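Asks: fold the following.
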Amino acid sequence: MQKLLLHTCCAPCSAYVLKLLETFDVSVFYYNPNIDTADEYEKRKNECQKYCEKNGIKFIEITYQPKEWQLYIEGLESEPEGGKRCEKCFELRLTKTAEFALKNGFDYFATTLSISPHKNSKLINEIGNKIANQFGLKFLEADWKKEDGYKKSCEISRNEGFYRQNYCGCKYSNWKK
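Replies: The predicted structure is shown next:
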């Protein structure tokens with residue numbers, strides 16, 4: 001069975017995707033320095049970790065490093081949601097995922113980010129493929145929201161009683177403000 005490292009942002013986004021990846025030996029990779037507060041980061045991480053433990057899926061966390069993210073997107077703070085700031089954010093998180101995958105013998109890497117109706121799956125897949133080429137890896141290209149993927153992820157979230165946030169994670173996308 002081929003090994004796949006799945007970057008995830010939260011349990012609601014990963015639960016349905018994990019069901020689709022049952023033909024792989026999947027490990028969940030939690031690297032999200034973009035999340036605006038340590039409290040929000042911990043809520044999302046803990047929820048995802050509990051779901052992985054419940055389902056016998058290996059969970060890997062990279063320490064919360066918001067300063068790394070802030071430096072990476074510097075100068076793009078006023079970009080609109082979905083703009084160049086998001087592109088750089090995807091690039092940072094997928095690069096870190098690919099680095100870990102390469103060092104730890106994974107055959108593929110992927111991300112749950114394209115399940116969101118607010119995310120540009122074409123852009124995410126372009127970035128993932130570019131990074132895969134740089135590292136000599138395979139990126140599992142996907143638009144998980146197709147065929148009601150987002151709706152199915154919401155259903156699983158309700159059934160599991162997941163904590164669901166109403167924004168991407170970064171302080172510039174926090175729609176509550």
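
Asks: isn't Lys119 up against Leu113?
Replies: Yes. Counting by Cβ atoms under 8 Å, Lys119 touches Leu113, with 5.3 Å between them. Every C-beta, even on glycine, is put in place using the N, C-alpha and C of the backbone.

Asks: these two: who's more crowded?
Replies: Counting neighbours by other Cβ atoms under 10 Å for Lys119 and for Leu113 shows that Leu113 has the greater number, 28 against 23.

Asks: longest helix in the protein, please.
Replies: helix 84-103 (DSSP state H).

Asks: quick one: contacts of the helix or strand just after that helix?
Replies: Sequence-wise, the next helix or strand downstream of helix 84-103 (DSSP states H and E) is strand 108-111. If you take Cβ atoms under 8 Å, 6 or more residues apart in numbering as the criterion, strand 108-111 is touched by 2-8, 17, 21, 24, 29, 90, 93-94, 97-98, 101, 124, 128, 132, 137-140, 142.

Asks: could you do stretch 134-153 as well?
Replies: 4, 12-13, 15-17, 20, 94, 98-99, 101-102, 106-110, 112, 114-117, 121-122, 125, 128-129, 131-132.

Asks: quick one: the helices in this structure?
Replies: 11-20, 38-54, 66-72, 84-103, 121-135, 149-160.

Asks: now do the second one: distance to the chain's middle.
Replies: With Cα atoms, centre = their mean, to the nearest Å as the basis, helix 38-54 stands 13 Å off its chain's centre.

Asks: kindly export that helix (C-alpha atoms) in PDB.
Replies: The C-alpha trace of helix 38-54 is given here as PDB (Å, rounded to 0.1, in the frame of the first residue of the first chain):
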ATOM      1  CA  ALA A  38      -2.900  29.700  19.800                       C
ATOM      2  CA  ASP A  39      -6.400  29.000  21.200                       C
ATOM      3  CA  GLU A  40      -7.900  28.600  17.700                       C
ATOM      4  CA  TYR A  41      -5.000  26.500  16.700                       C
ATOM      5  CA  GLU A  42      -5.400  24.100  19.600                       C
ATOM      6  CA  LYS A  43      -9.100  23.700  19.100                       C
ATOM      7  CA  ARG A  44      -8.600  22.700  15.500                       C
ATOM      8  CA  LYS A  45      -5.600  20.500  16.200                       C
ATOM      9  CA  ASN A  46      -7.300  18.700  19.200                       C
ATOM     10  CA  GLU A  47     -10.400  18.000  17.200                       C
ATOM     11  CA  CYS A  48      -8.400  16.600  14.300                       C
ATOM     12  CA  GLN A  49      -6.100  14.600  16.500                       C
ATOM     13  CA  LYS A  50      -9.100  13.000  18.400                       C
ATOM     14  CA  TYR A  51     -10.700  12.000  15.100                       C
ATOM     15  CA  CYS A  52      -7.500  10.400  13.800                       C
ATOM     16  CA  GLU A  53      -7.000   8.500  17.100                       C
ATOM     17  CA  LYS A  54     -10.600   7.300  16.900                       C
END
